[in-house]
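J.: fold the following and give me the result.
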Amino acid sequence: MIKSLPLVAFLITGFLISTQASKPETWNLWPDEAPGERLTLSDEFDRTTPEDKLVAGRRLIRLHNVSVPTVTIYKPAPKLDTGAALVIAPGGGHWILAMDLEGTEIAEWANSIGLTAILLKYRVPGGARDPEKKWLSSVQDGQRAMSLVRGRADEIGIDPDRIGIIGFSAGGSPVKYTALTSKRLYKPVDKYDAVSFRPNFAAPIYSGTLPEEAELSKDCPPFFMVIAHDDRRPIEVAEMYIALKKAGISAELHIFEEGGHGYGLRKTGLPVASWPDLMEAWMRQKGFLERKDG
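T.: So this is what the prediction gives:
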């Protein structure tokens, strides 16, 4: 099993922003080896090359060969802190993780509106672990992250009843398998796995296929969803929204005519780039950004 690497530590803990209260803290997700982990991979590395596509004119980190999943905690400045938290699952086709575009940049935005940001670095490539269920390792790590964060909420300084999860593209798998299912997809390993992994709100961003295991009921948390019509599978996102509403689940869907896929919150010059403002307004309306002092 490989250990945490200097490159990754630099990319994650070295990301300091003006809205943070302190240096980010990183925890290993599992006390020992992750469930079912039998791979021997080379070191984690950023596989981005000068020829790769830019997003809003900027490169992005494409982190590959993750075998030691972690959560990194970014606290907002005390004057902004609402006590609520957001677990962030980057996308990358279960092959890589877009660690800045859909990770640290999302953490910066979350901190700016008073959320403690918890960046999930889940295992990739998933297909090398289970070719039939490429999403499985991400889901196991996502369920574990939610339970661990809620179980250690006092230590983090967050409200255990206001923990949301946001995931981009393939990162929507941890969102859906925590918000829409009740079965834990690994054997419990410690006391934290006795804690619920159900988020208090969920946001799959340009991600929307319902898992076969979905258990839709009014007990599911509220959803915020975004898709562009020229994305890969916008119809599936619309169908998921309809299924949620039919089940009596609170859901809000924004469909933009243009935007494509994989833009994060970068300013692309298209209206779809306004989705963070829409999500902030939605969270305020739902009471998740209400500061609770004392």
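
J.: my read: residue 223 touches residue 254, true?
T.: No: using Cβ atoms under 8 Å, residue 223 is not in contact with residue 254; the gap is 11.6 Å. Where C-beta positions appear, they are placed from N, C-alpha and C, glycine not excepted.

J.: of those two, which one has the most company?
T.: Per other Cβ atoms under 10 Å, whichever of residue 223 and residue 254 has more neighbours is residue 223, with 24 against 17.

J.: which residue is the nearest non-sequential neighbour of the more buried one?
T.: Of all residues not flanking residue 223 in the chain, residue 251 sits nearest, at 4.2 Å (Cβ to Cβ, 6 or more residues apart in numbering).

J.: and what about residue 43, helix, strand or coil?
T.: coil (DSSP: H, G, I helix; E, B strand; the rest coil).

J.: against residue 270, how distant is it?
T.: Using Cβ to Cβ, to the nearest Å, we find residue 43 at a distance of 37 Å from residue 270.

J.: burial count for residue 82?
T.: As a burial measure, residue 82 scores 21 neighbours (other Cβ under 10 Å).

J.: can we start the residue count at 39 from this point?
T.: I'll keep to 39 as the first residue from here, and by that count the last item is residue 120.

J.: what helix or strand is it on?
T.: Under the criterion DSSP states H and E, no helix or strand holds residue 120.

J.: for the nearest residue to residue 229 once chain neighbours are set aside, what are phi and psi?
T.: Using Cβ to Cβ, 6+ apart and skipping the chain neighbours, the partner closest in space to residue 229 is residue 189 (7.1 Å). Per-residue torsions, residue 189: phi -70, psi -20 (degrees, to the nearest 10).

J.: tell me the contacts of residue 189?
T.: Neighbour list for residue 189: 229-230, 233 [criterion: Cβ atoms under 8 Å, 6 or more residues apart in numbering].

J.: these, buried ones only, as a ChimeraX selection?
T.: Buried members of the contacts of residue 189, defined by 16 or more other Cβ atoms under 10 Å, are picked up in ChimeraX with:
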select :230,233
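
J.: which of the contacts of residue 189 fall in strands?
T.: Among those, no member is found in strands (DSSP state E).

J.: need the contacts of residue 189 in CSV (columns: distance to residue 221 and pLDDT).
T.: Shown next, in CSV, are the contacts of residue 189 (distance: Cβ to Cβ, whole Å; pLDDT from 0 to 100):
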residue, distance to residue 221, pLDDT
229, 19, 98
230, 17, 98
233, 15, 98
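
J.: what mean pLDDT does stretch 148-158 get?
T.: Across stretch 148-158, the average pLDDT comes to 98.

J.: look at that stretch and report the distance between its end residues.
T.: 14 Å (Cα to Cα, to the nearest Å).

J.: the helices in this protein, which residues?
T.: 44-51, 143-150, 164-167, 174-189, 191-194, 210-217, 272-284, 313-324 (DSSP state H).

J.: sweet, I'm off.
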